[in-house]
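Enquirer: Dropping a prediction and its sequence here:
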Amino acid sequence: NAGVTQTPKFRVLKTGQSMTLLCAQDMNHEYMYWYRQDPGMGLRLIHYSVGEGTTAKGEVPDGYNVSRLKKQNFLLGLESAAPSQTSVYFCASSRDPGQGAEQYFGPGTRLTVT
Amino acid sequence: EDKVVQSPLSLVVHEGDTVTLNCSYEVTNFRSLLWYKQEKKAPTFLFMLTSSGIEKKSGRLSSILDKKELFSILNITATQTGDSAVYLCAVEAGYSSASKIIFGSGTRLSIRP
């Protein structure tokens, strides 16, 4: 099993450009999450999904959109990138938290917006 | 507002020392508390705690939860340079149909040889 994978690993964007980050998991998990991590801020939840076709806002959703068309994939989109979105982005997946909330994380995507 | 606070923010010790990392929380409808270790990349799972007073152990690491005082500690004995990492505490809270996970800002642990 590959676990949770993310593409790309690194990306540099100019202000106003758009991009999509892809997260894939092969553990048949229902729940998937997108976090951003900034120095001294820990992990902050952007959006999450509790199943195929569903999405919900997290703590810091502004400027991002997500889609979960297939159970194994969770896409994070930036329509018009801003320097404030420079961060490391982590995707995670888990079983239903009612069955144990351990999350499995992808390796991260380092995004720089200039 | 739900929050998870970790202390200290950073810690530098010598190899062989014992360290204790703290995590306190204020959440509505606590479900579980989790500890993760983050080196250069993604966080990796260490422990999940749901019951007070029951210590979980894995080698030199151990953790315990106090649901009355709303905190958990993570102990590392006989530290090694490979223990250098950021340790994250996370709390799952809410109801099964709408639970959420809140992360603390982490404790950066550095072990000097």
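Expert: Structure's in. What do you need?

Enquirer: residues from chain B in reach of chain A?
Expert: Residues of chain B that fall close to chain A, judged by C-beta under 8 Å from any C-beta of the partner chain: B:9, B:31-32, B:34, B:41-45, B:48, B:88, B:90, B:92, B:96, B:99-101, B:103-106. In this view, the C-beta of every residue, glycine as well, is placed from N, C-alpha and C.

Enquirer: let's go with 6 Å and repeat that
Expert: With the criterion set to C-beta under 6 Å from any C-beta of the partner chain, chain B comes near chain A through B:32, B:41-43, B:45, B:48, B:92, B:96, B:99, B:103-106.

Enquirer: quick one: least confident of the residues you listed?
Expert: By pLDDT, B:S96 ranks lowest within these, coming in at 62.

Enquirer: Please enumerate the strands of chain B.
Expert: Listed in chain order, the strands of chain B (DSSP state E) span B:3-7, B:10-14, B:19-26, B:30-38, B:44-49, B:56-58, B:61-66, B:71-76, B:85-93, B:100-103, B:107-112.

Enquirer: Of these, which is nearest A:V50?
Expert: Proximity to A:V50, assessed across those by C-beta to C-beta, is greatest for strand B:100-103 (10.8 Å).

Enquirer: same for the helix or strand of chain B with the lowest mean pLDDT, what does it pack against?
Expert: For chain B, the helix or strand with the lowest mean confidence is strand B:100-103, at a mean of 86 (criterion: mean pLDDT, DSSP states H and E). Here strand B:100-103 touches strand B:85-93, going by 3 or more C-beta pairs under 6 Å, 6 or more residues apart in numbering or on different chains; DSSP states H and E.

Enquirer: and the angle from the strand it packs on to strand B:19-26?
Expert: Between the axes of strand B:85-93 and strand B:19-26, defined by axes from the mean of the first three to the mean of the last three C-alpha atoms, to 10 degrees, the angle is 30 degrees.
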